[in-house]
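> Have a look at this prediction, sequence included:
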2 protein chains.
Amino acid sequence: MRHGVILAGGGGTRLWPASRRARPKQFLSLGTGTQSLLAATAERLQPVCGDRLYVVTAEEQAALVQADLPALAPGHIISEPSARNTAPALGLAAVHLLHRDPDAIMAALPSDQHIAQGDEFRRITELAFAAAEEHEAVVTVGIVPTRPETGYGYLKLGSALVGELRGVDAFVEKPDAATAEHYLASYLARGDYLWNAGMFFVKARYLLDEIDTWMPETGAGLREIADALGTDAADAVCQRIYPTLPSLSIDYGIMEKTSPVLTLAGDFGWNDVGSWTALADYLAADADDNIKVGKAITYDARNNIIVADEGKLIAMAGVSNMVVVQSGDATLILPRDRAQDVRNLVESLRAASLQRFL
Amino acid sequence: MRHGVILAGGGGTRLWPASRRARPKQFLSLGTGTQSLLAATAERLQPVCGDRLYVVTAEEQAALVQADLPALAPGHIISEPSARNTAPALGLAAVHLLHRDPDAIMAALPSDQHIAQGDEFRRITELAFAAAEEHEAVVTVGIVPTRPETGYGYLKLGSALVGELRGVDAFVEKPDAATAEHYLASYLARGDYLWNAGMFFVKARYLLDEIDTWMPETGAGLREIADALGTDAADAVCQRIYPTLPSLSIDYGIMEKTSPVLTLAGDFGWNDVGSWTALADYLAADADDNIKVGKAITYDARNNIIVADEGKLIAMAGVSNMVVVQSGDATLILPRDRAQDVRNLVESLRAASLQRFL
């Protein structure tokens, strides 16, 4: 059976002050509507997976997930006792799926991405599930690159297989600017580089076997957790074992080593909302090129990204190319081309003992 | 007896979003402490007038005044049934004072100014009261000019009288830039121009006589209101008469016509907080020349004026020479040299049916 696994354990400060420790990015709608990114991800998967949808999250976020996804079936929130990165998280999900369905095939998807074209996403998802059913392999969906992005890893594609399916020769890490230009040019000429968006389709059994092969300590721990599932000790065992697993991403731990890896190219308006400026990629601007989420009044102000809570107002005059975000008790103001400075401000807040605003 | 009359009926949009229809500027502290400008004005007058302090205000602001000045004696809030500008307001105050004290001398002062040097203010106030006691004349306190300001009227001084007292030859209206430069140079050379700050000291009886002379319709109306004071009809008569009085400022109605006018030069850190940039005149800046009221974190940001409500935070990076004000449900952002654009934004709010933010 096909199962969806949404990874929703992340934090991150790049979308502060909307994203907070107590309410990270995946629980926000970020201008995409009234729905959170997580809820939109779940809704996209529903036609494919029905109620066989799981969310892996940090224990302290489990209540937020439940509130955000009230239709989630009981027991379908898989809590990590501590954050151990994506390899243990997906392994833990595989263990839980196998306990219910020995033939489980899982789609593992991030919770905090925006996808504009849901129909195309579902078409590719169906193909990816079918490929994962047919092949003893990890199937990934890479994203068609649209700019020389240095913030993502890339998939270097190999030979074409049947239909849209291709082999992956290598997972390559975040490139420098020149290399990113080369990747983009190479994609445009030969279609051989895609962005790694962290979407994986794989038989749960196969994933655990690969973890046994490439991360044997993690594999052993996961099997111990698996053996306890369905017993009174399940929770205690997970609490004891999971925090001891090496913290490693699925990319480093498995994807850079396992073979074969297959891929499908996804071209469905994907956006990882990696900073406030990303809103300009998927939201419409007004006549003065201002992106407005919530209520904003502008006078002689152009090319700004302006975000306000419902019921609040931002009024700007004579100011251009800025990011202004009012969220709860904090307001952020910086130039669009310095959106990365959010991190410096967050560091300043820590240094000034103002963590309560994080 | 000496009485203080504080005019607190104003509205104004130049300090939006802190100043609102429901809570205008005089009820705000604007970085001067926990006290409102009105409460600070009352406190400054207390050593001079004791509890003989009155506040003239709009009916709808009477409750705000009472809350802001809990020590105000009962009956010392004089409500205007409708706004008729300063000449009728001061006439109404004179009527009320005379009802209690036929020899009343009144100091009429705006409620929304900041004065840094309270001791010097009180010294000048004592001199002004004494001059108003001695002379059948209006005594005003003019402000020593520090820049070629085009936003104020000026007093053109005449001959020196005894001590610091001088005659006023003319009330002159807001000058253009060249004239303002001339006034400033003339003050620096000969001390003969002062800013008109709307501070008047006068016998209540003499003020009403001058109103009779120069504004006879208003004088007649005020005497009708005076005759009803102390009767059951007092309120009804005021409600009926006052709104019919011509709306006129004391400057246009009386000061430009009456003679003699005497003046004392005030040099006590006066500021009318006429725009957000005025905060830089009386508040200390941090090492990066940022003025901060409330909690603000700045990174690579200079020469900004940043105002936030208690409990709120403004975080800025890579932004200089800006005004940022978060107050209640609204946030204002504009360059310091365009602080006057607040009015355009307020107009935009009206046009967009967003008056609820005003």
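That came in fine, so what should we check first?

> following the biggest strand by length in chain A, which helix or strand comes up?
Scanning chain A for the strand with the most residues, using DSSP state E, yields strand A:193-203. Downstream of strand A:193-203, the next assigned helix or strand under DSSP states H and E is helix A:204-214.

> who touches the helix or strand that that next one is followed by?
Later in the chain than helix A:204-214, the nearest helix or strand by DSSP H and E is helix A:216-228. Identification of contacts with helix A:216-228 by Cβ atoms under 8 Å, 6 or more residues apart in numbering or on different chains yields A:87-88, A:91-92, A:94-95, A:98-99, A:208, A:211-213, A:234, A:236-238, A:241-242, A:244-246, A:248, A:253. Every C-beta, even on glycine, is put in place using the N, C-alpha and C of the backbone.

> The longest strand of chain A: partners in the sheet, and parallel or antiparallel?
Sheet pairing of strand A:193-203 (DSSP bridges) gives strand A:105-110 (antiparallel), strand A:138-143 (antiparallel), strand A:154-160 (antiparallel).

> re the thing from before, please list only the buried members of the contacts of helix A:216-228.
Neighbour counting by 16 or more other Cβ atoms under 10 Å in any protein chain shown classes A:87-88, A:91-92, A:94-95, A:98, A:208, A:211-212, A:237-238, A:241-242, A:245, A:248, A:253 among the contacts of helix A:216-228 as buried.

> Could you list the residues of chain A in contact with chain B?
A:17, A:295, A:297, A:299-300, A:308, A:311-319, A:322, A:324, A:326, A:329-335, A:338, A:341-342, A:344-345, A:348-349, A:352, A:354, A:357 (Cβ under 8 Å from any Cβ of the partner chain).

> Can you pick out the ones from those that are in helices?
A:342, A:344-345, A:348-349 (DSSP state H).

> Now for those residues, which sits with the most neighbours around it?
Neighbour count (other Cβ atoms under 10 Å in any protein chain shown) singles out A:Leu345 as the most crowded of those, with 27 neighbours.

> Not counting sequence-adjacent ones, nearest residue to that one?
B:Ala315 (4.5 Å; Cβ to Cβ, 6 or more residues apart in numbering or on different chains).

> Pull out the buried positions in stretch A:221-229.
Buried residues in stretch A:221-229 (16+ other Cβ under 10 Å): A:221-223, A:225-226, A:228-229.

> Can you tell me the SS state at A:Leu248?
Under DSSP: H, G, I helix; E, B strand; the rest coil, the three-state class of A:Leu248 is coil.

> Can you give me the domain boundaries for chain A?
Domain assignment for chain A by automatic domain parsing gives A:2-271, A:284-357.

> quick one: contacts for the residue positioned nearest the centre of chain A?
Centroid check for chain A by Cα atoms, centre = their mean gives A:Pro110 as the closest residue, at 2.7 Å. Applying Cβ under 8 Å, 6+ apart to A:Pro110 gives the contacts A:6-7, A:10, A:41, A:197-199, A:272.

> With respect to pLDDT, which of those ranks lowest?
Least confident of the contacts of A:Pro110 in the model: A:Gly10, at 76.

> Enumerate every residue touching that residue.
A:24-26, A:110-112.

> can you pick the most crowded of those residues?
For the contacts of A:Gly10, neighbours tallied by other Cβ under 10 Å; top is A:Gln26, 31 neighbours.

> That one touches A:Ala8, doesn't it?
Yes. Between A:Gln26 and A:Ala8 there is a contact under Cβ atoms under 8 Å: 5.1 Å.

> Now the common contact residues for the two.
In contact with both A:Gln26 and A:Ala8: A:38, A:111-112, using Cβ under 8 Å, 6+ apart.

> Out of the residues you listed, which comes closest to chain B?
Closest approach between those and chain B, by Cβ to the nearest Cβ: A:Asp112, at 21.9 Å.

> Could you check the pLDDT of the closest one?
At A:Asp112, pLDDT is 94.

> can you tell me which of the shared contacts of A:Gln26 and A:Ala8 are in helices?
Short answer: these in helices (DSSP H) are A:Leu38.

> any residues touching stretch A:266-281, and which ones?
With Cβ under 8 Å, 6+ apart as the criterion, stretch A:266-281 contacts A:14-15, A:25, A:30-31, A:37, A:110, A:112-118, A:120-121, A:124, A:141-144, A:151-152, A:194-195, A:197, A:199, A:282, A:291, A:293, A:305, A:307, A:323, A:325, A:332, A:336, A:339-340, A:342.

> Now do the host helix or strand of A:Arg240: distance to the chain's middle.
For A:Arg240, the host element (DSSP H and E) is helix A:234-241. Relative to its chain's centre, helix A:234-241 lies at 26 Å (Cα atoms, centre = their mean, to the nearest Å).

> same question, stretch A:275-289
Taking mean C-alpha positions (Cα atoms, centre = their mean), stretch A:275-289 and its chain are 21 Å apart.

> got the buried residues for that stretch?
Buried, per 16+ other Cβ under 10 Å, within stretch A:275-289: A:275-283.

> Out of the residues you listed, flag the one nearest to chain B.
Looking across those and measuring by Cβ to the nearest Cβ, the closest to chain B is A:Trp276, at 11.8 Å.

> now the ones in helices among the residues of chain A next to chain B in JSON lines, with pLDDT?
Formatted as JSON lines, those follow (pLDDT from 0 to 100):
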{"residue": "A:Val342", "pLDDT": "95"}
{"residue": "A:Asn344", "pLDDT": "92"}
{"residue": "A:Leu345", "pLDDT": "95"}
{"residue": "A:Ser348", "pLDDT": "93"}
{"residue": "A:Leu349", "pLDDT": "94"}
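
> from these, which single one is nearest B:Ala265?
Within these, proximity to B:Ala265 (Cβ to Cβ) peaks at A:Ser348, which comes in at 45.8 Å.

> Check what pLDDT the nearest residue to the closest one once chain neighbours are set aside gets.
In this structure, A:Ser348 finds its nearest non-sequential neighbour in B:Ile297, 4.9 Å apart by Cβ to Cβ, 6+ apart. pLDDT for B:Ile297: 96.

> Tell me, how many residues neighbour B:Ile297?
B:Ile297: 24 neighbours (other Cβ under 10 Å).

> on that earlier part again, now the domains of chain A in CSV, with distance to B:Asp176?
Shown next, in CSV, are the domains of chain A (distance: least, Cβ to Cβ, whole Å):
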stretch, distance to B:Asp176
domain A:2-271, 45
domain A:284-357, 24
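
> Could I get the contacting residues of A:Gly328?
A:17, A:20, A:309.

> Which of the helices or strands spans A:Glu164?
Per DSSP H and E, there is no helix or strand for A:Glu164.

> that older thread, same list (the shared contacts of A:Gln26 and A:Ala8) but as a markdown table, adding distance to A:Gln66.
Below are these laid out as a markdown table (distance: Cβ to Cβ, whole Å):
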| residue | distance to A:Gln66 |
| --- | --- |
| A:Leu38 | 11 |
| A:Ser111 | 14 |
| A:Asp112 | 18 |
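
> Out of the contacts of A:Pro110, which is nearest to B:Pro47?
Using Cβ to Cβ, the contacts of A:Pro110 come closest to B:Pro47 at A:Gly10, 61.4 Å.

> and the gap between that closest one and A:Arg20?
13 Å (Cβ to Cβ, to the nearest Å).
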